[in-house]
Each structure stands twice: as C-alpha cells, then as structure tokens.
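Peer 1: Let's see this in three dimensions:
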Amino acid sequence: MKIESAPRIGGWLWLPFIWLVLTLLTSTLVMGHYVAWLLNNPIWHNLFSQSHTLLIQIAATLVTAAGMWIYSAWVTWLFYQRSSRLPRHYIIWLLLTIALSLKSWALSPVSEAIATRNLLISLLAAALFAVYLRRSKRAKTTFIEP
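Peer 2: Purely as a prediction, here's the structure:
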C-alpha cells in the first residue's frame, strides 16, 4: 500500500521561495556590511562623538535589519517545512518589505529612482505572491504541516 504525501514545493511556488531566499541573502550581505562598518576602529570612535539623534537612528536601522533578517530566516524555515502557518507569515513578511521600502523611499538619503524602483518591485511581488498563496490550490495542498 502506497501512502500519498502532500505535494512538494514545485511549480509556481518556486518563485515566492526564490524571492524569499534572495531577500534573505541580501539581508545577510547588508548585516555583514553593517558589522564590518561597526568594527572599523575610526568609525567606532567617531560614531560616539555624534548627536544622540543620529545614534538612535543608527541603532534603529541595525535593530530593524537584524529583525528583518531573523524573520526572513524563520519564514524560509516555515517554507522548507511546508508549514500551514506559511501563507499568513509570508504575507506579513511581504507587507514588512513594503513598509521598509516606503521608509527608504520617504526617509533615506538614497536616489529617488532607486527607492522608487525598490518600492515598485516590493509592491508587485506582494500583489502577485499574496494572491497566489491565498488562492492557489497547489499552495493549499502543499502547506499542510502543523
């Protein structure tokens, strides 16, 4: 007698998974850049001579980046485990990426073209992947593990 298991991750489900893994890798590179920047001795000493407002902004950036990295890693683990909690948390993760893109677009001193492009890409990914994970029969049959 053959026991049928839930379908593995395949088909169009690879696209949200690849998007998640690429974002996790990018976050890893950013965190590595922040750590290398903070370990630079002249920067470390110069950092504490700045105003408290700037220190709070830098700390908030580091905490946000670390939190997003941890949450991305956890959502990746849920994806790998085919957890039934994944669709909800993936959509929350997509909303967080939109919120961070909006913050970057409105507050960061980066090129407006780059910030707009990142925001549009995040919005497009969220629009496509959220609907797909909510409506797809394959996603409903794949993510069934507790």
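
Peer 1: Please spell out the segments of the chain that come in under the pLDDT threshold.
Peer 2: The chain contains residues with pLDDT under 70 at 1-7, 9-10, 146.

Peer 1: tell me which residues in the longest helix along it are buried?
Peer 2: In the chain, taking DSSP state H as the definition, the longest helix is helix 52-81. Neighbour counts over helix 52-81 (16 or more other CB atoms under 10 Å) mark 65, 68, 69, 71, 72, 75, 76, 78, 79 as buried. To be clear about C-beta, it is placed using only N, CA and C from the backbone, and glycine gets the same treatment.

Peer 1: Please apply the same query to stretch 104-117.
Peer 2: Neighbour-count burial for stretch 104-117 [16+ other CB under 10 Å]: 104, 105, 115.

Peer 1: ditto for stretch 97-104
Peer 2: 97, 98, 100, 101, 104.

Peer 1: out of the buried residues of helix 52-81, who's nearest residue 93?
Peer 2: Set against residue 93, the nearest of these by CB to CB is residue 75 (4.9 Å).

Peer 1: which residue packs closest to that closest one, ignoring adjacent ones?
Peer 2: Leaving out its chain neighbours, the residue that sits closest to residue 75 by CB to CB, 6 or more residues apart in numbering is residue 93, at 4.9 Å.
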